[in-house]
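**Student:** Pasting the sequence and the predicted coordinates here, then a few questions.
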Amino acid sequence: MPVVFDGVGAHTFDASLASLRTRGHLVLFGAASGAVPPFDPIRLARGRSLTLIRPGLGDFITDRSELLRRAADLFERVRSKALEVTVTGRYALSEAARAHSDLEARRTTGKLLVVPDAAVVGYREGTRS
């Protein structure tokens, strides 16, 4: 299924839409760069029968049992390597303020972890993954 997941919003919306092939789907789930300005829905037809959805987390986790089922499914996919999670940076807990500063200044990409100080030392020395 041709799909683009866009969590950035305003700055990437047009490129995300343009990158889709016929009958592609754009899942706009965030607005890190701001809200997407209003646009004419006819663009979806001109763009080869595209679809656009703006899902909200609350609609997919309506009660505790659904939360637990979806969480179990997610962790099973990670465990089986059907879903790969790449961590691109680790910060010691004592560096949490720097982690937030780096995020706000967009000096990071990917997933970041804030971990107990000793875990980062081990990671940097190659003794932990």
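**Tutor:** Received the coordinates, thanks. Owing to the predicted nature of the structure, the values given are computational and were not obtained by experimental measurement.
**Student:** Okay, helices next: where are they in the chain?
**Tutor:** Here the chain has its helices, by DSSP state H, at 13-18, 42-46, 64-79, 96-104, 117-124.
**Student:** For these, state which one has the densest average packing.
**Tutor:** helix 13-18 (a mean of 16; mean count of other Cβ atoms under 10 Å). All C-beta atoms are positioned from the backbone trio N, CA, C, and that covers glycine.
**Student:** Show me what that helix is in contact with.
**Tutor:** 4, 6, 26, 28, 36, 43, 47, 50, 52 (Cβ atoms under 8 Å, 6 or more residues apart in numbering).
**Student:** On the strand side of things, show who the third one bridges to.
**Tutor:** Right, L26. Under DSSP bridges, the beta-bridge partners of L26 are V4, L52.
**Student:** Report the buried members of the contacts of helix 13-18.
**Tutor:** 4, 6, 26, 28, 36, 47, 50, 52 (16 or more other Cβ atoms under 10 Å).
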